[in-house]
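**Student:** Next comes the sequence, and after it the predicted model I'd like to discuss.
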Amino acid sequence: MNKTHSNEQFMGAIAALGAYFLWGILPIYWKWIVGASSEEVIAHRVIWSFVFMIIIILVTKNVKPLAEDIKGLIRAPKRLLIIICASLIITVNWYLFIWSVNHGHVVQASLGYYINPLVSVLLGLIFLKERLSLWQIVSFFIAFLGVLIMTIQVGVFPWVSIGLALTFGLYGLLKKTVQLKAMTGLTIETAVVTPLALIYLLFIDPGKHPFHFATPGLALLLMGAGIVTAIPLILFAAGANRISLTMIGFFQYVAPTLMLILGTLLYHEPFDREHLFSFIMIWVSLILFTMARTKWFVQLEGKLLHRKSFAK
């Protein structure tokens with residue numbers, strides 16, 4: 001491995017870790033926004049994300065690639081419909097996350113992003129006809145038991161967790177079929193939803209100051225929602241292009257772990273023995289799921305299947 005390639009990998013790892021770190025501490029930012037409902041916050045997040053991405057596109061001179069992607073979508077109505085659906089689904093995901101943070105469910109949000117990789121693989125199994133290994137099947141069963149135990153013991157179905165995992169998983173599935181670049185993709189997605197956000201602020205929930213310019217602190221925080229949305233995605237795109245999928249697979253658990261720490265230690269959300277036991281099962285499931293791709297587990301699975309066929 002030459003020095004240039006090594007430096008590229010190092011910078012990619014730093015960028016990806018930076019993205020997951022920012023996603024992990026994002027609940028702090030949403031907690032800062034006081035004086036606006038979750039519906040208002042999501043509307044502002046969409047609008048200012050679009051504005052910020054347009055600025056980034058202009059500064060980085062990516063206007064031509066953006067125009068080419070838009071023309072490509074217009075020429076292929078099916079792809080355009082898919083990207084519209086993806087835009088709506090990620091908006092629902094953003095709203096669920098903001099709502100969960102503002103209503104004291106940061107721990108549930110962290111659980112949602114822990115089980116997201118499992119949901120993504122399950123969607124791939126259903127829609128893309130992908131196959132699961134023995135250890136991936138076992139990991140799914142353990143994760144299912146963890147969620148089931150939490151539902152029975154705590155007495156509340158973790159709909160926030162399931163909703164976040166399912167919407168993000170569906171978003172990833174749709175994005176995989178369209179395959180737009182991260183920067184132009186986010187710009188187009190926010191462009192699709194921005195008219196709906198403006199309609200909400202101006203007509204559905206009209207106020208004297210829908211953009212809160214009369215309250216500078218609140219207005220700045222709402223405008224900053226676009227920046228805190230876009231920057232991690234840009235960092236992630238930069239990192240994903242330089243490091244392996246295996247490394248990304250390990251890094252993706254940084255964000256929900258930080259959320260769990262914030263929810264329990266900073267915001268003092270309930271986390272009793274039932275929660276701990278369920279989370280341990282999820283963690284065991286994720287370790288199995290991640291390790292299932294390694295050479296040792298593949299060889300072990302081969303031996304088990306060989307013994308089973310021999311026994312018959």
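**Tutor:** On my side now, so go ahead. Owing to the predicted nature of the structure, the values given are computational and were not obtained by experimental measurement. Numbering: from 1, shown residues only.

**Student:** give the contact list for residue 122.
**Tutor:** Residue 122 is in contact with 140, 169, counting by Cβ atoms under 8 Å, 6 or more residues apart in numbering. C-beta coordinates here come from the backbone N, C-alpha and C atoms, glycine included.

**Student:** could you point out where this protein is predicted with low confidence?
**Tutor:** Along the chain, segments meeting pLDDT under 70 span 1-5, 154, 205-209, 213-214, 245-246, 292-312.

**Student:** Now the helix or strand that contains residue 239: buried residues?
**Tutor:** Element membership for residue 239 (DSSP states H and E) is helix 216-240. By neighbour count on 16 or more other Cβ atoms under 10 Å, the buried set for helix 216-240 is 218-219, 221-226, 228-230, 232-240.

**Student:** elements contacting that helix?
**Tutor:** For helix 216-240, the contact count by 3 or more Cβ pairs under 8 Å, 6 or more residues apart in numbering; DSSP states H and E identifies helix 3-32, helix 38-59, helix 182-199 as packing neighbours.

**Student:** how close does the spatially closest residue to residue 149 that is not a sequence neighbour get to residue 106?
**Tutor:** With sequence-adjacent residues excluded and distances taken as Cβ to Cβ, 6 or more residues apart in numbering, residue 149 is closest to residue 278, at 5.1 Å. Residue 278 is 16 Å from residue 106, where distance means Cβ to Cβ, to the nearest Å.

**Student:** neighbour count winner among the two?
**Tutor:** The neighbour comparison of residue 278 against residue 106 (other Cβ atoms under 10 Å) goes to residue 106, with 26 against 23.

**Student:** Please name the residues that touch residue 151.
**Tutor:** Contacts here follow Cβ under 8 Å, 6+ apart; on that basis residue 151 touches 157, 158.

**Student:** Residue 48 now?
**Tutor:** For residue 48, the contact set (Cβ under 8 Å, 6+ apart) comprises 222, 223, 224, 225, 226, 227.

**Student:** so the last one touches residue 52, yeah?
**Tutor:** Yes: Residue 227 lies in contact with residue 52 (Cβ atoms under 8 Å); the separation is 5.6 Å.
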